[in-house]
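Peer 1: quick one, structure for this:
(3 chains)
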Amino acid sequence: MTFLGLMIPLLPLLGFLVNGLLGKYLPKGSAGWIGSLSVLASFVCVLLIFKDLQAEQAISIDVFNWIALGDFSISFGLWIDALTMIMLMVVTGVGFLIHLYSIGYMHGDEGFTRFFTYLNLFIFFMLLLVMGSNYLMMFIGWEGVGLCSYLLIGFWYKNEPFNDAAQKAFVMNRIGDLGFLLGMFFILFHFGTLDIQTVEQLAPGLASNGGLIMIITLLLFIGATGKSAQLPLYTWLPDAMAGPTPVSALIHAATMVTAGIYMIVRSNVLFALAPDTLTIILWVGVITSLFAAIIGLKQNDIKKVLAYSTVSQLGLMFVALGLGAFSSGIFHLVTHAFFKALLFLGAGSVIHALHGEQDIRKMGGLKKLIPITYITFILASLAISGFPLLSGFFSKDEILAHAFEQNKIVWIVVAVSSFLTAIYMFRLVFLTFFNNFRGSDETRSHIHESPWTMTFPLVVLCILAVLGGLIGLPAIFHVSHWLNTYLASVTEPSAALIHHGDGISHGLEIGLMCFAGLAAIVAIYLMYRKYVMQKAIPESEESQQGFIKAIANKFYVDEFFENAIVNPVFKLSEWFGTFFDKKIIDQIVNRTATTITSGGQALRLSQGGNTGTYVLAMVIGIVVLFIIRLLI
Amino acid sequence: MEHTTQLVPLNWYLLLSTFLFCLGVMGVLIRRNAIIILMCIELMLNSVNMLLVAFSSYSGNSDGQVFVFFIMVVAAAEVAVGLALLVSIYRNLGSTDIDLLNKLKW
Amino acid sequence: MMTILLLFLPLLAALVVLLGGSKHASSIALGLAVAELAVTAYAINVFQTEGPEAFYVFHTWIDSPKVSFHLGLDGLSLVMVILTNLLVPLIILSGFNRTIPNAKGYFSLILLMQFALVGVFMAMDGLLYYIFWEVALIPIYFIALRWGGHNRVAITLKFFIYTLAGSLLMLFGFIMLYWYNPEQSFDIRELYTMVISQENQSWLFWMFFLAFAIKIPIVPFHTWQADTYRESPTQGTMLLSGIMLKMGIYSLIRWLLPVLPLGVAKWGQLAMILCVIGIVYASIIALKQKNLKNLLAYSSVAHVGLIAAGIFALNIQGLQGSVVQMFAHGVNVVGLFFCADIIFNRTNTNEISELGGIRNLAPLFSTMFTIVVLGSIALPLTNGFIGEFLLLYGVYEYNVWLSVFAGLTIILGAAYMLRMFKKVMLGQPSSYVPEFPDLYWNEKIVLGVFVLIIFGMGIYPQPIFNLVEPVLQDILSHSIL
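Peer 2: Numbers count the residues shown, from 1 in each chain, chains lettered A, B, ... in the order given. Prediction:
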């Protein structure tokens, strides 16, 4: 099993190396299959391990000793347990489908080989992230996926705004990474190790030092806000939509952005020991979830809507973590990976069909033209909106139930943002697929359904998005909650530390579920009335006013950062560079030199060339020496 | 020998040679004519010579007198070189005023 | 014998190149530099089996004052010698396919430089070390003066005088040490064990620190650097940034910490703060630089600031980090300057605003450049990360808030490097870049080797740790009272 475990990250790495080094010698188009099959092989390895590995078991693989000096050593080690398995299945499974999809989507792009090279590299780093046995290994993956995200957002590098978006993503992630890094320093200093399992075991012993655990967890959480796009570090994610759509699906919806959630669940004992941090996480999640959902209401770019939806859903996952419901967070992570990947791929299929058009105001009536995309997309939208019995319904409901139990205000806000989710999703669906096509006739004549490599992943993901809820059926169905049971070995140590209530009664839970389902249906109906029956089309930017305008402009958060941080730093840079460095520091150096030079200029005048003066000076000097000699 | 030395106390030699030396210094400082300056330098040298001889005689050690001979030889050589330089200067400038020789400046 | 060969082979090589014709100067120089590299490889082998004793050389040189020709090669010296002897052949190779007037003089000076640098890293006698330190200044002065850019005369003069002023302070410091030393000698073993009062150590600390701070350079003694890097010929810049400034950092570890522990205890904190301020200051300046080489120069100030900060943290992580990072930075910065040279060679400009769109025209170059940039912004699994992680951790152990401040470098570093990369390489080709031939064979080799080192060290840094661990523990035991 060690061998299989090693193969999981190595196979995508191999795919990366083959495509990267030999890509230009291989027949055209083979890169896509090499990339996809390497991930598929990796997925098979995961399944083989899954078959044999009991939920409470874990595999530990020490590849080699990476850094050993002084009194600490950090190994290049991998760790596979139940939580890792869940993540591995999502990453390789969804990853493979998206690879396959990309073969069709990227067909004919001049950077075809390069695309799959990056994509495989991403999978490799993502696998390192979830398999790392210590925080530093996780950090390799953490920064590595950031790099791939950078490379893929800026994939079409001739386009300046895309490059800006890529750079923004990387730098903002780095802000979070600094938090992560400092968190690691605290752990290393106080625990003497970075090994996650050891830290989790030692943590209760250090719990009396409450401030310490809180600082560590807060720093790690800063890392998570960067990677998982939470307030205030979320603005890179909507911009990241500059990348090709499969990238948005894989990196910016299904896998990379969930790294923060994974990391917190991975160190759940630490977080459970810091209730204050959990409260902060809870509120950051709540606010982000609502804030992003509101912004999502008025976006007109199909991918931007989905991006804000992702931010909002990630916020929801953080709410779950903040409530101490770690496995619920993972549950939503999994279902979200299915339906959000599907939504992005569906959006990609739409964009592909429309030759790059992303503005939903210029779409419409696509349901007959691209039926497979339509059906899968609408099912995914129902899932994310929490339509009864689809996957999102169960995972979201679990979080809502926890919220209701612990904090009614949180429940209200989250319920509102769920309601908004249904609103903006169906605004998107109806504007895209219903009524008549609003683009040019010429575009319309070219619309066609995507090739099978693209539709096959859609269908598979659609099945998952519909049925994914089965892994976490609530107790009212009188079956055991499979995911909770499976993850028990990971979340149990922390469960003892967090005071959970007795749980809500079945009757109340059924009531809540009915309420949530009803709310989703009402939202869908409202949107149907507005955009299908009344055929409303979102107004143009100029006619927006007041609050609506603020929403459409994303509450001016980007502008705020630009003016409050970026520009002052650039100003400072210019001032330092052109004034302080050149005019002050360097002038001190230069003035020292010129003072000496001018001192020499002044002193040389005393050398008059007149022998008499010299002799007089000499005599005076001698006399003075004599006098001094006499006096002392 | 001892007798004569006792007749004239050492202090007198000291005073005389100091007087001569100062005279020489003043001459060098005040006079502009290079020949006279040269002579004044000789005067300073000779005042030192006299002091050496006096000390030598008082201490009963002949080292000082040997030095004096040495200095006299050097002084003679110096005068020869110095006068040669002076002649050369006079040929060039038509004067031996040292104030004209101020090219070695800055 | 081995030690003598290691030291004098470059000197011999410099003579051979000088006497040979200009036509084959570069090839001869490369051959001899590779021979030196082979000797180094053999030395590593000997070191592994026999330990540092095999390299001990001691001859009395001058009786009074007592100066000895004392060379040694312990783990720390070995790492520095490897860095030097690895970089010099690559630096020479980078000069192929370029027209260099009077090539024999040029390459001869590079080899002379190598001689002096190896000497600095192996000298175990204060005065001998000082002599090599100053000898190193001579070839680089002529390289910059004779083969530099338009404004070279004034800038080279400033560089020379500035560093020389620092060196003189150091000489004065050595003379003081000599007088304080009851044994009256410059030998490093005696300097490590002698006892000096804190007051005197404070004075000595500043003499040595200023000399090193100017060379490294630590803000605010850095103003010679950007201009000199810009105006020097590429190989000169590589020598300066890749190896010569490591002299200063190496000397901090070798000559400052263990010799003046009380001075460091008293003033180390101030030095540390200077270093940390320098990191952020230089990073911020780098954000808005208009010239590629200037930007790299300021980024280098930021990086070496962190290295020096790790040293003053006075713990094993900081010291190990500084050694690893010296090696890594040597490779990365030389790689970056080489990339700047490749761009200049094709486009005749290094102004960032005039460049753009190169990636489209030269994919191989672009990939290599990307990797070197990634190493420089300390991405995990590249060489820069190991060093930066340990350095920041060392600073963290010293003071948490300083590490937070110093840690800003990972954000700012990413910001200015990626901004530069974006403007230079991405986007649409600018009018200055009508065509851009991809890498020539020599450029492929040089950058290829760098890429291998960047990943090799990032994935498996342990050999370097093992080499320097005993030396650093020893130095640390002398530095902390």
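Peer 1: quick one, helices of the stretch 451-600 of chain A?
Peer 2: For the stretch 451-600 of chain A, the helices defined by DSSP state H, counting those that start in this stretch cover A:452-467, A:482-495, A:506-527, A:546-552, A:557-561, A:567-574, A:586-604.
Peer 1: out of those, deepest packed?
Peer 2: Neighbour counts (mean count of other C-beta atoms under 10 Å in any protein chain shown) averaged over each of the helices of the stretch 451-600 of chain A peak at helix A:452-467, with a mean of 21. C-beta coordinates here come from the backbone N, C-alpha and C atoms, glycine included.
Peer 1: same for that helix, what does it pack against?
Peer 2: Packing partners of helix A:452-467 (3 or more C-beta pairs under 8 Å, 6 or more residues apart in numbering or on different chains; DSSP states H and E): helix A:95-105, helix A:326-353, helix A:371-385, helix A:391-406.
Peer 1: can you say which of those helices is nearest to chain B?
Peer 2: Among the helices and strands packed on helix A:452-467, the nearest to chain B by C-beta to the nearest C-beta is helix A:95-105 (80.4 Å).
Peer 1: what is that closest one packed up against?
Peer 2: Helix A:95-105 packs on helix A:30-52, helix A:112-131, helix A:245-249, helix A:326-353, helix A:452-467, going by 3+ C-beta pairs under 8 Å, 6+ apart.
Peer 1: next one: phi and psi at the one residue in the stretch 251-400 of chain A that gets nearest to chain C?
Peer 2: Of all residues in the stretch 251-400 of chain A, A:Ala259 sits closest to chain C, at 14.0 Å by C-beta to the nearest C-beta. When quoted as degrees, to the nearest 10, the phi and psi of A:Ala259 stand at phi -60, psi -40.
Peer 1: if we can go back for a sec, in JSON lines: the helices and strands packed on helix A:95-105, plus distance to C:Leu86 and mean pLDDT.
Peer 2: Shown next, in JSON lines, are the helices and strands packed on helix A:95-105 (distance: least, C-beta to C-beta, whole Å; pLDDT from 0 to 100):
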{"stretch": "helix A:30-52", "distance to C:Leu86": "35", "mean pLDDT": "89"}
{"stretch": "helix A:112-131", "distance to C:Leu86": "28", "mean pLDDT": "91"}
{"stretch": "helix A:245-249", "distance to C:Leu86": "38", "mean pLDDT": "88"}
{"stretch": "helix A:326-353", "distance to C:Leu86": "46", "mean pLDDT": "88"}
{"stretch": "helix A:452-467", "distance to C:Leu86": "47", "mean pLDDT": "86"}
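Peer 1: so which of the ones you listed gets nearest C:Trp147?
Peer 2: helix A:112-131 (38.7 Å; C-beta to C-beta).
Peer 1: number of residues surrounding residue 262?
Peer 2: Picked chain A for this. Neighbour count for A:Tyr262, taken as other C-beta atoms under 10 Å in any protein chain shown: 27.
Peer 1: that's the other chain; I wanted chain C
Peer 2: Neighbours around C:Leu262, by other C-beta under 10 Å: 18.
Peer 1: so it makes contact with C:Val195?
Peer 2: No: counting by C-beta atoms under 8 Å, C:Val195 is not a contact partner of C:Leu262; they are 9.3 Å apart.
Peer 1: does C:Leu90 touch C:Phe337 like I think?
Peer 2: No: here C:Leu90 does not reach C:Phe337: they are 11.6 Å apart, not a contact under C-beta under 8 Å.
Peer 1: ok, these two, which is more surrounded?
Peer 2: Set C:Leu90 next to C:Phe337 and count neighbours by other C-beta under 10 Å: C:Phe337 wins out with 28 against 24.
Peer 1: what comes up buried for whatever helix or strand B:Val68 lives in?
Peer 2: Assigned by DSSP states H and E, B:Val68 belongs to helix B:63-93. Across helix B:63-93, burial judged by 16 or more other C-beta atoms under 10 Å in any protein chain shown covers B:64, B:68, B:71, B:75, B:82, B:86, B:89.
Peer 1: what sits closest to A:Tyr531 if chain neighbours are left out?
Peer 2: Among residues not flanking A:Tyr531 along the chain, A:Phe430 sits closest, at 3.9 Å (C-beta to C-beta, 6 or more residues apart in numbering or on different chains).
Peer 1: show the contacting residues for the one you found.
Peer 2: Neighbour list for A:Phe430: A:527-528, A:531-532 [criterion: C-beta atoms under 8 Å, 6 or more residues apart in numbering or on different chains].
Peer 1: now the buried members of those residues.
Peer 2: Buried among the contacts of A:Phe430 (16+ other C-beta under 10 Å): A:527, A:531-532.
Peer 1: could you dump the residues you listed to TSV with pLDDT?
Peer 2: TSV is the format used below for the buried ones among the contacts of A:Phe430 (pLDDT from 0 to 100):
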residue	pLDDT
A:Met527	83
A:Tyr531	80
A:Val532	79
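Peer 1: ok, so of the residues you listed, who is nearest C:Thr49?
Peer 2: Closest approach to C:Thr49 among the buried ones among the contacts of A:Phe430 (C-beta to C-beta): A:Met527, at 77.9 Å.
Peer 1: is that closest one in contact with A:Leu431, as I believe?
Peer 2: No: in this structure, A:Met527 is not within contact of A:Leu431 by C-beta under 8 Å, at 9.1 Å.
Peer 1: neighbours of C:Val118, how many?
Peer 2: Neighbour count of C:Val118, defined by other C-beta under 10 Å: 30.
Peer 1: could you say which helix or strand contains it?
Peer 2: Secondary structure (DSSP H and E) places C:Val118 in helix C:103-122.
Peer 1: returning to that earlier point: export the helices and strands packed on helix A:452-467 to JSON lines and tack on distance to C:Thr370 and mean neighbour count?
Peer 2: JSON lines is the format used below for the helices and strands packed on helix A:452-467 (distance: least, C-beta to C-beta, whole Å; neighbours: other C-beta atoms under 10 Å in any protein chain shown):
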{"stretch": "helix A:95-105", "distance to C:Thr370": "22", "mean neighbour count": "27"}
{"stretch": "helix A:326-353", "distance to C:Thr370": "26", "mean neighbour count": "28"}
{"stretch": "helix A:371-385", "distance to C:Thr370": "35", "mean neighbour count": "25"}
{"stretch": "helix A:391-406", "distance to C:Thr370": "39", "mean neighbour count": "25"}
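Peer 1: select, out of those helices, the one closest to B:Trp12.
Peer 2: B:Trp12 lies closest to helix A:326-353 among the helices and strands packed on helix A:452-467, at 114.1 Å (C-beta to C-beta).
Peer 1: just give the closest residue to residue 15, not the sequence neighbours.
Peer 2: Because you didn't say which chain, this covers chain A. Using C-beta to C-beta, 6+ apart, the closest residue to A:Gly15 is A:Ser38 (3.1 Å).
Peer 1: wait, I meant chain C there
Peer 2: Nearest non-adjacent residue to C:Leu15, counting by C-beta to C-beta, 6+ apart: C:Ser108, 7.6 Å away.
Peer 1: now do the contacts for the one you found.
Peer 2: Counting by C-beta under 8 Å, 6+ apart, C:Ser108 has contacts C:14-15, C:17-18, C:25, C:29.
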